[in-house]
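>>> Make a model of this:
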Amino acid sequence: MINLTIPGREPLTIRSVVLDFNGTVALDGSLLPEVAERLDVLSEAFGVYVLTADTFGSVRKALEGYQVGVRILESGDHTEEKAAFVRQLGARHCVAVGNGANDALMLKAAALGIAVIGGEGAAVDALLNADLVCKNIADALDLLTYPDRLKATLRR
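Residues are numbered from 1 along each chain as shown. Now for the predicted structure:
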């Protein structure tokens, strides 16, 4: 958990981090190396959850051994299912990270939404619904380890 006081914004207490899988923390179903080295650090401070349709059928194997919850999306509306999961966790205590159009509502619902431009790019809907945009997942995850970076970017 971290407490953030960002000038010009409501104070934040972050307890959970919700991550999209493919396109955000994985490419073509394989966990990105820069994510692997950060998951253990993040899971010591937060509840970490990965949401995915599991297009490549690889999420459980890719995340084996990490202290993260995995949720396989089952509905016909992944956009709303992801947002509902964030709300269920307690949106005002949640950071959401994603890149796709189906991540847009969870980015908007979370206390802090971070869009990532990775190997798959980023959907315009994700960018427009995020609080900030990072050029890669390593930078996005490092914001949670070095929260003063968030203050510098989000202060009003």
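>>> Please count neighbours and contacts with C-alpha atoms only from this point.
Noted.
>>> Skipping adjacent residues, who's closest to residue 94 in space?
Among residues not flanking residue 94 along the chain, residue 16 sits closest, at 4.8 Å (Cα to Cα, 6 or more residues apart in numbering).
>>> what is the one you found paired to in the beta sheet?
residue 47, residue 94 (DSSP bridges).
>>> That one contacts residue 92, correct?
No: the criterion here is Cα atoms under 8 Å, and residue 16 misses it with residue 92 at 9.7 Å.
>>> Please say which of the two ends up with more neighbours.
Remark: of residue 16 and residue 92, residue 16 carries more neighbours, 25 against 17, as counted by other Cα atoms under 10 Å.
>>> That one: what's it in contact with?
Neighbour list for residue 16: 1, 46-49, 89, 93-95 [criterion: Cα atoms under 8 Å, 6 or more residues apart in numbering].
>>> Rebuild the residues you listed as CSV, extending it with pLDDT.
Output for the contacts of residue 16, formatted as CSV (pLDDT from 0 to 100):
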residue, pLDDT
1, 90
46, 97
47, 97
48, 98
49, 98
89, 97
93, 97
94, 98
95, 98
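>>> can you list these in a markdown table and add distance to residue 122 and neighbour count?
Listed next are those as a markdown table, based on distance: Cα to Cα, whole Å; neighbours: other Cα atoms under 10 Å:
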| residue | distance to residue 122 | neighbour count |
| --- | --- | --- |
| 1 | 28 | 17 |
| 46 | 25 | 19 |
| 47 | 25 | 18 |
| 48 | 22 | 22 |
| 49 | 20 | 21 |
| 89 | 25 | 16 |
| 93 | 24 | 20 |
| 94 | 21 | 28 |
| 95 | 18 | 25 |
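>>> Sounds good, over and out.
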